[in-house]
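K.L.:
Sequence and predicted model, in that order:
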Amino acid sequence: MFAKCANAACSEAFEYHSGGSFFRFSRGNADPSPSDGISTEPGNAHGVEHYWLCPRCAKLYTLVYVEGAGVVLKPLWTEEPVAKMLKNLLPV
């Protein structure tokens, strides 16, 4: 379970009825058999990580899995399209 928004820059505490976006990712890169033979996973681990973005962050970001980096925060819009949109809205 999560206690706060997955955006590290946000301190919004999780509340069940507050909305936002929920994500789950497989622990695909986890080594199922550590080299020392001692597993740190509980016996009933199901191999899924859960994340939550608060309503405000969910309007701006999404979570994606990046090979070698894990789960990362990604903007929903890149700067270029937003800049073009703003340019079209401003009077010349």
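P.N.:
Arrived safely. The structure displayed is predicted, hence computed values, not measured ones.
K.L.:
okay, and for this protein, where does confidence drop off?
P.N.:
Under the criterion pLDDT under 70, the flagged ranges of the chain are 1, 28-45, 78-92.
K.L.:
all strands of it, in order?
P.N.:
With strands called from DSSP state E, the chain shows them at 21-26, 48-53, 61-66, 70-75.
K.L.:
Now do the first one against strand 48-53, angle only.
P.N.:
This points to strand 21-26. Using axes from the mean of the first three to the mean of the last three CA atoms, to 10 degrees, the inter-axis angle of strand 21-26 relative to strand 48-53 is 160 degrees.
K.L.:
Indicate each strand paired with strand 21-26 and its parallel or antiparallel sense.
P.N.:
Sheet pairing for strand 21-26, assigned by DSSP bridges, gives strand 48-53 (antiparallel).
K.L.:
For stretch 65-77, measure first residue to last.
P.N.:
One end of stretch 65-77 to the other measures 17 Å (CA to CA, to the nearest Å).
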